[in-house]
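Q: generate coordinates for the sequence data below:
(one chain, ligands or ions: 2)
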Amino acid sequence: MQGGSVKGKFISFEGIDGAGKSTHIGFVADFLASRGKTVVSSREPGGTPLGEKLRDLLLHEKMHLETEALLMFASRREHLAQLIEPALGKGDWVLSDRFTDASFAYQSGGRGLARAKMEALEQWVHPDLQPDLTLLFDVPLAVARQRLDATRTLDKFEREQADFFEKCRSEYLRRAAQFPERIVVIDSTQAIEAIQVRLADVLEKLL
Ligand SMILES: Nc1ncnc2c1ncn2[C@@H]1O[C@H](COP(=O)(O)OP(=O)(O)OP(=O)(O)O)[C@@H](O)[C@H]1O
Ligand SMILES: Cc1cn([C@H]2C[C@H](O)[C@@H](COP(=O)(O)O)O2)c(=O)[nH]c1=O
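A: Ligands and ions are numbered 1, 2, ... in the order given. Just a heads-up that it's a prediction; the model follows:
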């Protein structure tokens, strides 16, 4: 799924807020390191100094939905140029807490921006590169809300209503059905240990 000169592997982590992505990134990094891989963990929006400034705006400022989509892809463009592509070129494994599936889920699914606009941005920003594997942590909304409420001060996205997240989740699942060779759906209602057994099984197949 990657461009010709790329040597490492690229794994993205997706799911609605509170689904449990971040909890498992450390496990995946340790698992891959134990198999001799050099691992770079990052996130979107963010992952570079400029991307982190954009993240701060995106998570805290109200803006037009097209501005939001464009800034997500601006952050992504920088992330690809500064971190993802150089790391893959060196043979490193890149783990990204979210990538373009999140834009489809949140800006198209949640906010209602036409999918064709998202596809155009994707074609512009990374026409020849997709993750080798996307782990989609899927939970019913009520479970995600309960986990979030227990832990933190909510950002702009996390304060959205239930309907918004139902639409984000539906779009994620629609994309999983569209790209079954890339996106693996993980039932994130399971206990953390059971999820890790499943992750190890999925990762073995990528090594
Ligand atoms: N399988 C699980 N069972 C029980 N609790 C879990 C599970 N997975 C994650 N949690 C807990 O849920 C909370 C949210 O998890 P986490 O931060 O990993 O979610 P996230 O998907 O990364 O959220 P966000 O996208 O908002 O950053 C944390 O307190 C975490 O310990
Ligand atoms: C990449 C990307 C992210 N988002 C949203 C999804 C989340 O609510 C936040 C990031 O917060 P997290 O705690 O690091 O998951 O940003 C989005 O709407 N569109 C995107 O492309």
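
Q: and Phe73, that's in a helix?
A: Yes. Under DSSP: H, G, I helix; E, B strand; the rest coil, Phe73 sits within a helix.

Q: residue contacts, it?
A: Applying CB atoms under 8 Å, 6 or more residues apart in numbering, we find Phe73 in contact with Ser103, Leu121, Trp124, Val125. (Each C-beta comes from the backbone N, C-alpha and C, glycine too.)

Q: what does Thr189 give?
A: Residues near Thr189 by CB under 8 Å, 6+ apart: Val139, Pro140, Val143.

Q: take those residues and write them to a markdown table, including distance to ligand 2 and pLDDT.
A: Shown next, in a markdown table, are the contacts of Thr189 (distance: CB to the nearest ligand atom, whole Å; pLDDT from 0 to 100):
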| residue | distance to ligand 2 | pLDDT |
| --- | --- | --- |
| Val139 | 14 | 97 |
| Pro140 | 17 | 97 |
| Val143 | 16 | 95 |
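
Q: can you tell me which of those are buried?
A: Val139, Val143 (16 or more other CB atoms under 10 Å).

Q: from the contacts of Thr189, which land in strands?
A: Taking DSSP state E, every one of those sits outside strands.

Q: any chance of TSV for the contacts of Thr189, columns distance to ligand 1?
A: TSV is the format used below for the contacts of Thr189 (distance: CB to the nearest ligand atom, whole Å):
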residue	distance to ligand 1
Val139	8
Pro140	13
Val143	8
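
Q: out of the contacts of Thr189, which are inside helices?
A: Secondary structure from DSSP state H places Val143 of the contacts of Thr189 in helices.

Q: nearest to Glu52, of the contacts of Thr189?
A: Glu52 lies nearest to Val139 out of the contacts of Thr189, by CB to CB, at 27.1 Å.

Q: so that closest one sits against Ile16, correct?
A: Yes. At 7.3 Å, Val139 and Ile16 qualify as touching, with contact defined as CB atoms under 8 Å.

Q: circling back to that earlier point, most widely separated two among the contacts of Phe73?
A: Checking the contacts of Phe73 with CB to CB, the most distant pair is Ser103 and Trp124, at 12.3 Å.

Q: which one's more surrounded, those two?
A: It is Ser103, of Ser103 and Trp124, that has more neighbours when counted by other CB atoms under 10 Å, with 25 against 10.

Q: state the pLDDT value of that one.
A: We have a pLDDT of 98 for Ser103.

Q: which residue packs closest to it, ignoring adjacent ones?
A: Met72 (5.2 Å; CB to CB, 6 or more residues apart in numbering).
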